[in-house]
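Colleague: Using only what follows, build the 3D model:
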Amino acid sequence: MARYIAAIDQGTTSTRCMIFDHGGNVISVDQREHEQIFPRAGWVEHDPEEIWRNTREVCAGALAKADLVTDDVVAVGITNQRETTVVWDRTTGKPVYNAIVWQDTRTDAITEELAGLGGGQMRYHAATGLPLATYFSGPKAKWILDNVEGARAKADAGELAFGTIDTWLLWNATGGPDGGVHVTDPTNASRTLLMDLDTLEWNEQNATDMGIPMSMLPEIRSSSEVYAHIGARGALAGLPLAGILGDQQAATFGQACLSVGEAKNTYGTGNFVLLNTGTEKVMSENGLLTTVCYKIGEQDAVYALEGSIAVTGSLVQWLRDNLGLIDSAPEVEQLAHSVDDNGGVYFVPAFSGLFAPYWRSDARGAIVGLTRYVTRGHLAHAVLQATAFQSREVIDAMDADSGVPLKSLKVDGGMVGNELLMQFQADILGVPVIRPVVAETTALGAAYAAGLAVGFWESEDEIRNNWAQDKQWDPAMDEAERERQYRLWKKAVTKTFDWVDADTF
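Modeller: Alright, predicted model coming up:
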């Protein structure tokens with residue numbers, strides 16, 4: 001009998017269940033979008049209960065589409081949007097507030113307050129590898145406790161639980177209020193500003209600074225082990241939940257970047273470049289994050305340098321939903337192809353401030369270089385180029401930190417089917433860009449983590465052997481033009497700085 005691994009891929013805009021065979025091939029996928037909630041400018045929320053309902057539906061759907069039953073699956077892995085924060089009541093299982101999404105900027109005042117305690121934006125950098133920024137989970141949890149009536153009293157009484165989306169899903173899948181397991185893994189815990197990178201344990205002083213009781217925090221386990229079995233109800237009932245990886249670390253694992261110096265770039269809602277640095281953490285001096293890449297069972301943790309970009313694929317979504325310039329995301333490539341270049345337009349999508357390498361929460365989006373010559377096509381061109389320019393910025397920082405110039409870039413995610421973008425990415429980097437056969441490697445990485453835990457795959461060598469190249473784009477732009485365009489992009493970025501003042505909404 002053929003046996004399979006299931007992966008729950010809970011992302012920023014949708015939830016999927018994907019089923020893989022031993023060769024890492026996709027057997028089945030089912031997907032549901034969830035509502036994006038924008039209560040005010042800069043605020044982004046999700047309904048955690050909607051996400052949990054969608055998760056149950058896609059698990060059933062994936063089995064049905066492949067005509068499989070639960071017994072055909074040997075284990076389940078989870079990968080998730082990482083910093084998105086949920087706080088819920090342990091007794092009722094109800095969230096006390098919507099999930100605050102990683103893109104949300106409402107905690108700017110909180111991060112400034114914490115920076116004022118001493119050490120500035122880098123107050124927690126030595127312990128956590130992260131700057132103080134609205135991106136991370138700890139300040140989001142603090143905001144909920146400070147602003148939801150009765151939440152702090154319940155938290156102090158031990159009645160509330162905190163988690164990123166992986167923790168929320170696993171707790172519900174394993175019983176919820178009736179014995180749900182409250183755990184996370186180091187890849188997600190390392191995105192909270194609350195975990196010590198060396199010990200892989202919660203830092204009590206950081207939690208105290210943020211007013212977060214230690215009783216709220218999940219247990220930190222490895223990225224690949226059997227945490228518990230799914231409860232009696234649902235399509236995957238009784239199966240072991242055996243892998244957790246934050247989405248970008250999962251993509252790194254799925255891309256088989258398992259050796260020091262191997263890197264990938266995922267093109268999703270945002271873009272995330274990760275470089276495997278091995279079992280020794282590298283502290284960035286150029287605006288990157290130091291994070292846990294993965295921890296397999298009892299093995300030592302593997303670390304990574306990460307360049308996080310807030311807005312890439314979501315910029316195409318904005319072009320569709322907010323401006324109505326396209327009816328579907330794939331149309332952006334056709335529209336961009338209607339012109340030869342960007343017409344001198346540069347679009348810096350600092351909708352949530354600027355992440356790596358700038359970490360400027362005061363920045364906001366800007367379109368510069370507009371003339372009467374510019375058309376819809378030029379704007380579409382600039383939207384796609386913004387993704388490639390931002391990726392170059394973080395890769396340049398990565399080169400400076402690691403001292404190892406990039407020779408090629410593995411890519412994955414929803415946008416890598418865009419040929420114009422992939423060619424421009426190769427052009428602006430000056431190195432080949434390589435897409436694997438399985439481009440949605442986030443779910444595959446979670447499947448690998450779960451499969452290793454139960455012996456479905458015996459070693460990381462099997463994962464390396466499963467990786468296969470689909471297509472390669474080689475640079476075709478001359479160096480002078482590459483540097484001219486990049487210089488203008490860097491100039492455009494400066495126009496986004498210092499926009500947010502105390503009275504700016």
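Colleague: low pLDDT regions in the protein?
Modeller: For the chain, the stretches with pLDDT under 70 are 1-2, 502-505.
Colleague: which one's the longest helix in it?
Modeller: Longest helix in the chain by number of residues (criterion: DSSP state H): helix 376-402.
Colleague: Who are the packing partners of that helix?
Modeller: Counting contacts by 3 or more Cβ pairs under 8 Å, 6 or more residues apart in numbering; DSSP states H and E, helix 376-402 packs against strand 263-267, strand 271-278, strand 302-309, helix 313-321, helix 331-336, strand 346-348, helix 419-429, helix 479-494. C-beta: built from backbone N, CA, C; applies to glycine.
Colleague: What residues sit buried inside the last one?
Modeller: Within helix 479-494, the residues that qualify as buried by neighbour count (16 or more other Cβ atoms under 10 Å) are 482, 485-486, 488-489, 492-493.
Colleague: what two of the residues you listed have the greatest distance between them?
Modeller: The most widely separated members of these are R482 and V493, with 16.8 Å between them, by Cβ to Cβ.
Colleague: Contacts for stretch 258-265, please.
Modeller: Residues outside stretch 258-265 that contact it (Cβ atoms under 8 Å, 6 or more residues apart in numbering): 251-252, 255-257, 271-278, 302, 391, 395, 398, 402, 404, 406, 409-412, 441, 460, 463-464.
Colleague: Of the residues you listed, just the buried ones, PyMOL syntax please.
Modeller: Only the buried entries of the contacts of stretch 258-265 go into this PyMOL selection, using 16+ other Cβ under 10 Å:
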select buried, resi 251+252+255+256+257+271+272+273+274+275+276+277+302+391+395+398+402+406+409+410+411+412+441+460+463
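Colleague: okay, the angle between the longest helix of the chain and helix 419-429?
Modeller: 40 degrees (axes from the mean of the first three to the mean of the last three Cα atoms, to 10 degrees).
Colleague: List the strands paired with the next helix or strand after helix 376-402, with their directions.
Modeller: Using DSSP states H and E, the next helix or strand after helix 376-402 towards the C-terminus is strand 409-412. Looking at strand 409-412 with DSSP bridges, its partner strands are strand 263-267 (parallel), strand 433-436 (parallel).
Colleague: got the buried residues for the longest one?
Modeller: By 16+ other Cβ under 10 Å, the buried positions in strand 263-267 come out as 263-267.
Colleague: May I see the residues you listed organised as TSV, with distance to W52 added?
Modeller: Below are the buried residues of strand 263-267 laid out as TSV (distance: Cβ to Cβ, whole Å):
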residue	distance to W52
A263	34
K264	29
N265	30
T266	24
Y267	27
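Colleague: Need the three-state assignment for L444.
Modeller: The local conformation at L444, judged by DSSP: H, G, I helix; E, B strand; the rest coil, is helix.
Colleague: now G93
Modeller: G93 - assigned by three-state DSSP - is coil.
Colleague: And T290, by the same measure?
Modeller: What three-state DSSP gives for T290 is strand.
Colleague: Contact partners for it?
Modeller: Counted by Cβ under 8 Å, 6+ apart, T290 has contacts 129-130, 197, 281-284, 303-306.
Colleague: what about the residue lying farthest from the centre of the chain, which helix or strand?
Modeller: Distance from the C-alpha centroid of the chain, by Cα atoms, centre = their mean, peaks at R372 (37.8 Å). Using DSSP H and E, R372 sits in no helix or strand.
Colleague: Closest one to E204 out of the buried residues of strand 263-267, please.
Modeller: Nearest to E204 out of the buried residues of strand 263-267 is T266 (Cβ to Cβ; 32.9 Å).
Colleague: Next, find the distance separating that closest one from V101.
Modeller: 17 Å (Cβ to Cβ, to the nearest Å).
Colleague: Could you do I27 as well?
Modeller: I27 is 30 Å from V101, by Cβ to Cβ.
Colleague: How about G344, nearest residue that isn't a chain neighbour?
Modeller: G369 (4.4 Å; Cβ to Cβ, 6 or more residues apart in numbering).
Colleague: Do I have it right that that neighbour meets V345?
Modeller: Yes - A contact is recorded between G369 and V345 when judged using Cβ atoms under 8 Å, the distance being 4.7 Å.
Colleague: Between those two, point out the one with more neighbours.
Modeller: V345 (22 against 17; other Cβ atoms under 10 Å).
Colleague: State the distance from that one to I296.
Modeller: Taken as Cβ to Cβ, the span from V345 to I296 is 46 Å.
Colleague: Make JSON lines out of the contacts of T290 and add distance to D498 and neighbour count.
Modeller: Below are the contacts of T290 laid out as JSON lines (distance: Cβ to Cβ, whole Å; neighbours: other Cβ atoms under 10 Å):
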{"residue": "G129", "distance to D498": "27", "neighbour count": "26"}
{"residue": "L130", "distance to D498": "23", "neighbour count": "25"}
{"residue": "L197", "distance to D498": "32", "neighbour count": "21"}
{"residue": "K281", "distance to D498": "33", "neighbour count": "19"}
{"residue": "V282", "distance to D498": "31", "neighbour count": "18"}
{"residue": "M283", "distance to D498": "28", "neighbour count": "13"}
{"residue": "S284", "distance to D498": "24", "neighbour count": "22"}
{"residue": "Y303", "distance to D498": "34", "neighbour count": "26"}
{"residue": "A304", "distance to D498": "31", "neighbour count": "29"}
{"residue": "L305", "distance to D498": "28", "neighbour count": "27"}
{"residue": "E306", "distance to D498": "26", "neighbour count": "27"}
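Colleague: Quick one: the residues you listed as CSV, columns for distance to A426 too.
Modeller: Listed next are the contacts of T290 as CSV, based on distance: Cβ to Cβ, whole Å:
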residue, distance to A426
G129, 30
L130, 31
L197, 33
K281, 30
V282, 26
M283, 30
S284, 25
Y303, 28
A304, 23
L305, 22
E306, 22
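Colleague: And the furthest pair within those residues?
Modeller: Within these (distances taken as Cβ to Cβ), the two that end up farthest apart are L130 and V282, at 13.8 Å.
Colleague: next one: phi and psi at F20?
Modeller: With angles defined as degrees, to the nearest 10, F20 sits at phi -120, psi 150.
Colleague: Pull out the buried residues from stretch 74-82.
Modeller: Buried residues in stretch 74-82 (16+ other Cβ under 10 Å): 74-82.
Colleague: Among the residues you listed, which one sits closest to S361?
Modeller: R82 (18.3 Å).
Colleague: Help me confirm that that closest one is found in a helix?
Modeller: No - looking at R82 with three-state DSSP, it is coil, so not inside a helix.
Colleague: can you pull up the bridge partners for the spatially closest residue to it that is not a sequence neighbour?
Modeller: Distances taken as Cβ to Cβ, 6+ apart place G246 nearest to R82, at 4.0 Å, with adjacent residues excluded. G246 has these beta-bridge partners by DSSP bridges: N80.
Colleague: quick one, what contacts G246?
Modeller: By Cβ under 8 Å, 6+ apart, the contact set of G246 is 79-80, 82, 164, 166, 185, 187-188, 191.
Colleague: tell me which element G231 falls in.
Modeller: Using DSSP H and E, no helix or strand contains G231.
Colleague: and the residue lying closest to it once chain neighbours are set aside, what element?
Modeller: Nearest residue to G231, sequence neighbours excluded (Cβ to Cβ, 6+ apart): G175, at 5.1 Å. For G175, there is no enclosing helix or strand under DSSP H and E.
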